Structure formats: C-alpha cells, structure tokens
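> Build me a model from this:
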Amino acid sequence: MPGHEIIEEMKFLLTKKKKDEPREIVKQKTDVLQADYRDFGAIFDLFESQDRFKAGLAVVSKALWDNYRTITNQPSLHPHSADSPLVPAPAPGNLFTRCIGMLAQQYGFNFQHGLALDTDYNTAPNSVTLIANDLLLGTLVRTKLFWKDAISADHGEHSHSLQWLVAAQVLNGTTTTPVPDLYAKTVDYMVMSKGETSTRLWQLLVDCFPTTGGTRKETPLITDSFRCPQNVTRFLLGAGNDFAPIADHFVSNYLYKRYKNRNWMEIKNQGTPNEKLDLKNIFVNPQEKSEEGWTQGKNKARLTRTQVIPKDIADRQVTEVNYHATAGFLYMKENSFN
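Numbers count the residues shown, from 1 in each chain. All right, here's what the predicted structure looks like:
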C-alpha cells in the first residue's frame with residue numbers, strides 16, 4: 001500500500017497543544033491535509049525503497065565528504081602536488097558534526113540554536129545532544145533543529161539527521177511543502193483516540209522499531225526499512241556487506257572507524273553462520289562533557305551548549321583516503337568525540 005494511503009488510513013490529523021491545556025485536534029483544511037498526506041507519503045515510500053534510499057544516501061555522503069575536505073583545508077584534489085602540502089593544517093574538532101551542519105543549512109534545516117557567532121567555523125556544530133528519552137523532542141523538531149543522539153549505538157548518533165538529509169536531497173522540488181517544513185510538522189500530526197495520543201507521524205516515518213527475532217508484528221511501526229534508524233546505522237556499519245564498511249563511501253567508513261575506536265561495535269561469531277553485529281549503549285558523563293561546553297539543565301534528557309570550546313586535533317592520525325572518487329585526508333584518533 002502506498003505511504004499516503006497508510007497515513008490516511010491511520011487517520012493522522014494535525015493537532016495543537018496550548019500551555020496548560022490538553023492537546024486538541026485542530027480544524028483540518030481538506031486541501032492542505034491531502035497535500036500533506038501526499039508529501040508525507042512520498043517520504044514514507046522513499047524510506048521503504050532500499051535502492052532509492054541507498055542511492056540518496058550515497059549522494060549525501062559525497063556532499064558531506066566535500067564539506068569535510070573544505071573545513072579541513074583540503075581544496076586540492078592532488079595531495080602530492082607541489083602547491084598542496086601532504087598533510088593540510090587541521091581545523092578545530094567536531095568535524096563530522098560540522099559537515100552535517102553545513103548540509104543541513106543548505107537544505108533548509110537548522111543545526112544550531114543559541115551558539116555564539118564567534119564559535120562559528122564555516123558552521124558551528126550542533127547545540128543539543130540527547131542522552132535519554134526526551135519527552136520534549138517536539139520543541140527541537142518544530143524549529144527544524146537537528147541534534148546528536150547519544151543513547152544507543154544501534155540507534156545511531158546521526159541516523160535521524162541522515163534520514164532527513166536523504167529526504168531533502170531526493171525529494172527536493174517534488175513535494176508541495178519543502179521537506180524541512182514537513183519535518184517540523186511530523187510531531188504535531190498524530191493519531192488520537194479519546195483525547196489520548198497513540199502515535200506521532202514522526203514515529204511512523206523515521207522512528208520505527210526494527211524487526212527482531214524473526215517475528216514481524218502486523219504494525220507499520222515495526223519495519224525492516226529505513227524508516228527505522230537502527231536499520232540506517234546497521235547498513236552503514238556493513239550489515240549485508242560482510243560487516244565491512246561500504247567501499248568508496250565516506251559516511252560508512254567514517255562511522256565504522258568511529259564505532260570501532262570507541263568499542264561500540266563487536267562482530268560476534270565472526271566467520272561462522274551465526275556471525276552478527278553487536279552494538280552497545282552509549283554512556284555520556286555530563287560532568288566530563290561540561291569540559292567541552294555542554295551543560296545539563298532541568299531537562300535531564302539533553303545536554304546543551306551556547307559556546308564551543310575549540311579542540312586541537314593535531315595529534316589525530318592522518319590517513320590518506322579516497323572517497324567518492326575524490327582524494328583527501330581523514331583525521332581520526334581513538335576516543336575522540338566529534
């Protein structure tokens with residue numbers, strides 16, 4: 001069944017929550033509702049298509065590699081030429097985060113909020129990291145903000161960001177409403193029964209549960225598609241590719257090395273029919289993160305920052321690589337936090 005029919009059949013409706021009042025279904029404008037159903041259905045169908053999503057992710061990966069080379073001062077495609085040093089001067093830390101921020105802003109999302117301008121290096125990194133289930137997630141989505149998830153390695157730190165970057169890239173110009181504006185609406189489109197919320201559209205589109213144990217319940221919220229962030233993470237970490245990073249793919253290789261460096265992943269029973277990828281929980285110590293400018297306020301589920309403490313990455317290992325047919329250098333060391 002096409003995505004727009006599933007969304008309509010589940011009776012997602014636009015809602016509004018006023019302060020100190022119960023959430024209510026607002027009066028629906030038929031033409032807007034039907035256009036939104038079609039647009040959200042296009043996102044649903046994209047994430048259901050393995051080939052289309054993977055192709056879009058490859059394009060996003062190339063754009064992120066271009067950004068990475070830009071912020072690490074690698075303008076030349078010829079690292080051994082006379083006018084280009086073998087190892088370019090390193091930039092501040094948060095490299096991968098900055099790459100995503102640049103692309104997010106290009107597509108019309110936000111990646112920072114409240115960061116001082118003097119911390120901006122091409123683009124400032126994100127201002128929010130989630131370390132637990134955040135009941136106020138909607139406040140981030142409504143303002144088109146991206147963030148980093150630091151809860152489960154299986155869920156992935158940037159999986160939601162990558163899902164939406166792929167949607168913005170592939171569907172650009174094909175939806176009635178731009179993808180970033182659709183993103184902002186996903187937490188207010190809900191299935192409600194007797195005044196109680198049962199499902200947000202955000203869950204259906206990008207936050208489903210993976211199929212596990214060989215049993216699949218008859219529900220759209222359990223899927224083996226890329227509507228599930230865990231499936232995005234596992235694809236990038238080599239599931240279906242003999243648990244090796246995808247050749248020539250910047251995001252896959254970067255995340256694979258990052259996960260291995262932090263011992264977040266382990267390939268169990270390697271070389272046997274029972275070989276599987278085991279991913280760990282991510283533990284974040286708020287006190288240790290305070291040294292990097294992060295603070296934990298009343299909302300214990302998130303860390304926020306209004307300034308960025310620059311990092312010296314000169315001691316990171318520098319590896320000459322070639323991703324998306326473009327040569328460059330990768331700066332990584334063990335136990336780094338980008």
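> excluding its backbone neighbours, what's nearest the residue nearest the centre of the chain?
Nearest residue to the geometric centre of the chain (CA atoms, centre = their mean): Ser161, 2.4 Å. Distances taken as CB to CB, 6 or more residues apart in numbering place Phe146 nearest to Ser161, at 4.7 Å, with adjacent residues excluded. The C-beta positions use only the backbone N, C-alpha and C, and glycine is treated the same way.
> quick one, phi/psi of the one you found?
Dihedral pair for Phe146: phi -100, psi 170, per degrees, to the nearest 10.
> In contact with it, which residues are there?
Phe146 makes contacts with Ile100, Gly101, Ala104, Phe109, Asn110, Phe111, Asn126, His160, Ser161, Trp164, as judged by CB atoms under 8 Å, 6 or more residues apart in numbering.
> Could you check the pLDDT of the first one?
Here the pLDDT value assigned to Ile100 is 93.
> That one contacts Phe111, correct?
Yes - look at Ile100 against Phe111 with CB atoms under 8 Å: they come within range, at 6.8 Å.
> what do these two both touch?
Common neighbours of Ile100 and Phe111 (criterion: CB under 8 Å, 6+ apart): Asn126, Phe146.
> Have a look at the two and say which one is more surrounded.
Ile100 (27 against 24; other CB atoms under 10 Å).
> sec struct for that one, please.
In three-state terms, and counting by DSSP: H, G, I helix; E, B strand; the rest coil, Ile100 is helix.
> how close does it sit to Glu320?
From Ile100 across to Glu320, the span is 23 Å (CB to CB, to the nearest Å).
> Equivalent analysis for Leu237, please.
Where Glu320 is concerned, Leu237 sits at a distance of 23 Å (CB to CB).
> Same question for Leu279.
For Leu279, the distance to Glu320 - CB to CB - is 29 Å.
> With neighbour numbers in mind, choose between these two.
Neighbours were counted for Leu279 and for Glu320 using other CB under 10 Å; Leu279 has more, 18 against 12.
> May I ask you to confirm that the more buried one is in contact with Ile151?
No - in terms of CB under 8 Å, Leu279 does not count as a neighbour of Ile151; the distance is 11.6 Å.
> so Phe47 is in which element?
Per DSSP states H and E: Phe47 is located in helix 30-48.
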